[in-house]
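Engineer: Fold the following, please.
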Amino acid sequence: MNTAKVQTLPLPPGGDGAEIDYWNPEDEHFWRSTGRRIASRNLWISIPSLLCGFAVWLMWGIITVQMANAGFPFTPEELFTIAAISGLSGATLRIPASFFIRICGGRNTVWLTTALLMIPALGTGLALRDTATPLWVFQSMALLSGIGGGNFACSMANISTFYPKRLQGTALGLNAGLGNFGVTTSQLLIPAVMTVGVFGALAGAPIPLAKDSATLIGSIAAGTPTWVQNAGFVWLVLLVPLAVVGWFGLNNLKTVSPNIGSTGVAFGRILLFYGVALVVAGIGLWLYLPAPSGSGLLSGAGMWIVLPLVIFGTLFALKAVATGDMKANLDRQFGIFRNSHTWSMTALYVVTFGSFIGFSMALPLSITVIFGNTHEFDAAAGTWVHARNPNAPSALMYAWIGPFVGALIRPVGGWISDKLGGSIVTQWISVVLVVASAITGYVMHLAYQSATPEQYFLPFMVLFVVLFAASGIGNGSTFRTVGVVFDKDQRGPVLGWTSAVAAYGSFIAPVVIGGQIKAGTPEYAMYGFAVFYALCVLINWWFYLRRDACIRNP
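Structural biologist: Below is the predicted model:
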């Protein structure tokens, strides 16, 4: 083995000195002597940064539940819309984030995109101090919360460059799996900090609950003071020290990002590209949302037009604003779209991560609406009559379980796939998703037509835990497949792109489930998901498992 270029690197000091000129993790001697230590440090800084990104991005699934309890004057549809806005924004920001590592550097990208989370965290806390805050303010904060969603694409693309192929499934599974605990963290931490004035006068006055609520620490009666605003402020406690640790501990790899220029130039590129994506997402939301928040031109089923408009509008806008070396680098990375495996893996990643993130966003409000009311059909009026269910289960007590299981099992999926192959694992979990989704739809149908819906809550939760577990394992298996199918130049952009498209599940699921609940047919949403999963079983078999597949069970 030629080890002439191998060097033992000192711990980088931070700042612009945190750039590494030589990196070859496939060289076993280099990996043992130097690479593993540096890669591990970057991974263990990346994980809590990604966790905070997920938490801030998906905090609206829980915040909207407590907003309803605290008497904020918004309808269930408007609350579902807030969650959906953060979903669409986060998915759209993943598109530029997919390409940041090559043109901006890993350290520069991860540090700045994590620090930017302080803006929606602080803004949300301030907005929640008053129940008279207009809806558009919360929608704006939800849009900015998408910064946390964008973080996943650049984080995964960055970590993939530090590890050899044989460890891609494990490393990416750890980063994504433990990072995904941000969903569970927000669903556990937010209800807890809302009950105590942990920030004193800085957070403002508490808001009395308008109706009974419940958390993991017990029931809370109507009229009890609650600090809803802490749901935003609490993330600053984690983000400020993370900014310090990330600045001094992360690295740029010059072999991956050779022409990033100064740190300031790299930051400017990130802000420019994120700004462009936010504008495109905002235009898409204006087309989709009904008045007074938008034009409503493409509301309802027009969602399926808005999504491709936003996706391809963002890609074209990025190319339009890019210049010089940045444009040339971006053009090279756009080469992933000429590879058919990019599109097959995009569909398969929608099955796994899209399901995980979509269900995480929609589950809390689904529990509240489906099981929080009794449902009786008024034959004379020809409509369903809904009344408050005194035996309703609390979304704040149960919604965290599914995302917790999905995140916990995600690294296991990567480890199993490193042993058995990614596509065979993806195939089995896709079959499980087909069956579990169809049965879940039927249970939702029974609950939504029952005067005692709580009797169906246990099978409902068990089935959703199965859905989360299967999607979590599948996340690890698809990472393994991407790590093997694509070379080092395309691997990062493909991971970012597939995660971007899959993240639109966080927009689709709340909109589809919320719309079907409003129509009185929540089961149709789950039946539709089951059909999509079945199609992806065929896609996975065709590309990676049939006898003549060009790359068999990668």
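
Engineer: can you tell me which residues contact residue 256?
Structural biologist: 23, 101-102, 106, 161, 492 (C-beta atoms under 8 Å, 6 or more residues apart in numbering). In short, each C-beta sits where N, CA and C put it, glycine included.

Engineer: Tell me the most packed of the residues you listed, by neighbour count.
Structural biologist: Neighbour counts for the contacts of residue 256 (other C-beta atoms under 10 Å) peak at residue 101, which has 32 neighbours.

Engineer: In this structure it contacts residue 159, no?
Structural biologist: No. Residue 101 lies out of contact with residue 159 (C-beta atoms under 8 Å); the separation is 9.7 Å.

Engineer: Can you show me the CA trace of stretch 128-139 as PDB?
Structural biologist: C-alpha atoms of stretch 128-139 as PDB (Å, rounded to 0.1, in the frame of the first residue of the first chain):
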ATOM      1  CA  LEU A 128     -46.300  32.800  21.700                       C
ATOM      2  CA  ARG A 129     -46.300  35.300  24.600                       C
ATOM      3  CA  ASP A 130     -49.700  36.700  23.400                       C
ATOM      4  CA  THR A 131     -52.800  34.800  22.200                       C
ATOM      5  CA  ALA A 132     -53.600  37.900  20.100                       C
ATOM      6  CA  THR A 133     -50.600  37.400  17.900                       C
ATOM      7  CA  PRO A 134     -51.800  37.200  14.300                       C
ATOM      8  CA  LEU A 135     -51.800  34.000  12.300                       C
ATOM      9  CA  TRP A 136     -49.300  35.300   9.700                       C
ATOM     10  CA  VAL A 137     -46.700  35.800  12.400                       C
ATOM     11  CA  PHE A 138     -46.800  32.100  13.300                       C
ATOM     12  CA  GLN A 139     -46.800  31.200   9.700                       C
END
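
Engineer: for the record, mean pLDDT for that stretch?
Structural biologist: The pLDDT scores in stretch 128-139 average 92.

Engineer: For residue 143, which non-adjacent residue is closest in space?
Structural biologist: residue 89 (4.7 Å; C-beta to C-beta, 6 or more residues apart in numbering).

Engineer: Now that that neighbour has come up, it's in contact with residue 146, right?
Structural biologist: Yes. If you go by C-beta under 8 Å, residue 89 and residue 146 touch, sitting 2.6 Å apart.

Engineer: So between these two, which is more surrounded?
Structural biologist: Set side by side, residue 89 and residue 146 show more neighbours around residue 89, with 32 against 29, by other C-beta under 10 Å.

Engineer: Distance-wise, check the residue lying farthest from the centre of the chain relative to residue 520.
Structural biologist: For the chain, the residue at maximal distance from the C-alpha centroid (C-alpha atoms, centre = their mean) is residue 380, at 44.5 Å. With distances taken as C-beta to C-beta, to the nearest Å, residue 380 is found 17 Å from residue 520.

Engineer: what's the answer for residue 458, then?
Structural biologist: On the measure of C-beta to C-beta, residue 458 and residue 520 end up 23 Å apart.

Engineer: Between those two, which is the more surrounded one?
Structural biologist: More crowded of residue 458 and residue 520, by other C-beta under 10 Å: residue 520, with 16 against 11.

Engineer: Quick check: the more buried one touching residue 444?
Structural biologist: No. Residue 520 is beyond contact range of residue 444, at 11.1 Å (criterion: C-beta under 8 Å).

Engineer: so what's residue 127 up against?
Structural biologist: With contacts defined as C-beta under 8 Å, 6+ apart, residue 127 is in contact with 133, 137-138, 141, 229, 232.

Engineer: thinking again about what came up before, which of the contacts of residue 256 fall in helices?
Structural biologist: Counting by DSSP state H, these place 101-102, 106, 161, 492 in helices.

Engineer: I'd like those as CSV, with distance to residue 311 and pLDDT appended.
Structural biologist: Output for the ones in helices among the contacts of residue 256, formatted as CSV (distance: C-beta to C-beta, whole Å; pLDDT from 0 to 100):
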residue, distance to residue 311, pLDDT
101, 20, 88
102, 20, 84
106, 25, 90
161, 25, 88
492, 19, 71
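
Engineer: Save those residues as JSON lines, and put in distance to residue 47 too.
Structural biologist: Converted to JSON lines, the ones in helices among the contacts of residue 256 look like this (distance: C-beta to C-beta, whole Å):
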{"residue": "101", "distance to residue 47": "17"}
{"residue": "102", "distance to residue 47": "22"}
{"residue": "106", "distance to residue 47": "14"}
{"residue": "161", "distance to residue 47": "16"}
{"residue": "492", "distance to residue 47": "18"}
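
Engineer: what's the nearest residue to residue 175 if we skip its chain neighbours?
Structural biologist: Spatial nearest neighbour of residue 175, chain neighbours left out: residue 159 (4.8 Å); criterion: C-beta to C-beta, 6+ apart.

Engineer: Count the neighbours of that neighbour for me.
Structural biologist: Around residue 159 there are 27 other residues, counting by other C-beta under 10 Å.

Engineer: any idea how far it lies from residue 496?
Structural biologist: 11 Å.

Engineer: In a strand, residue 196, correct?
Structural biologist: No. Counting by DSSP: H, G, I helix; E, B strand; the rest coil, residue 196 is located in no strand; its state is coil.

Engineer: ok, back up a step: could you look up the SS state of the residue farthest from the centre of the chain?
Structural biologist: Secondary structure, three-state DSSP: residue 380 is coil.

Engineer: For the residue nearest to residue 90 when sequence neighbours are not counted, grab the count of nearby residues.
Structural biologist: Spatial nearest neighbour of residue 90, excluding adjacent residues (C-beta to C-beta, 6+ apart): residue 149 at 1.8 Å. Counted with other C-beta under 10 Å, residues neighbouring residue 149 total 30.

Engineer: Identify the residues contacting residue 149.
Structural biologist: Contacts of residue 149 by C-beta under 8 Å, 6+ apart are 53-54, 57, 86-87, 89-91, 93-94, 503, 506.

Engineer: Quick check: the gap between the residue nearest to residue 196 when sequence neighbours are not counted and residue 204.
Structural biologist: In space, and not counting its chain neighbours, residue 196 is closest to residue 227: 7.0 Å by C-beta to C-beta, 6+ apart. Distance, residue 227 to residue 204, by C-beta to C-beta: 8 Å.

Engineer: swap in residue 498?
Structural biologist: For residue 498, the distance to residue 204 equals 41 Å [C-beta to C-beta].

Engineer: More neighbours: these two, which one.
Structural biologist: Counted by other C-beta under 10 Å, residue 498 and residue 204 do not tie: residue 498 has more neighbours, with 30 against 18.

Engineer: Just the element for that one, please.
Structural biologist: Residue 498 belongs to helix 488-503 when assigned by DSSP states H and E.

Engineer: Buried residues, that helix. List them.
Structural biologist: Within helix 488-503, the residues that count as buried by 16 or more other C-beta atoms under 10 Å are 490-503.

Engineer: Likewise for stretch 185-199?
Structural biologist: For stretch 185-199, the neighbour count (16+ other C-beta under 10 Å) marks 185-191, 193-195, 197, 199 as buried.

Engineer: Helices of the stretch 301-450 of the chain, start to end?
Structural biologist: Applying DSSP state H, counting those that start in this stretch to the stretch 301-450 of the chain gives helices spanning 303-321, 324-333, 340-349, 355-371, 395-398, 401-420, 422-448.

Engineer: so what pLDDT did residue 449 get?
Structural biologist: Residue 449 is given a pLDDT of 85.
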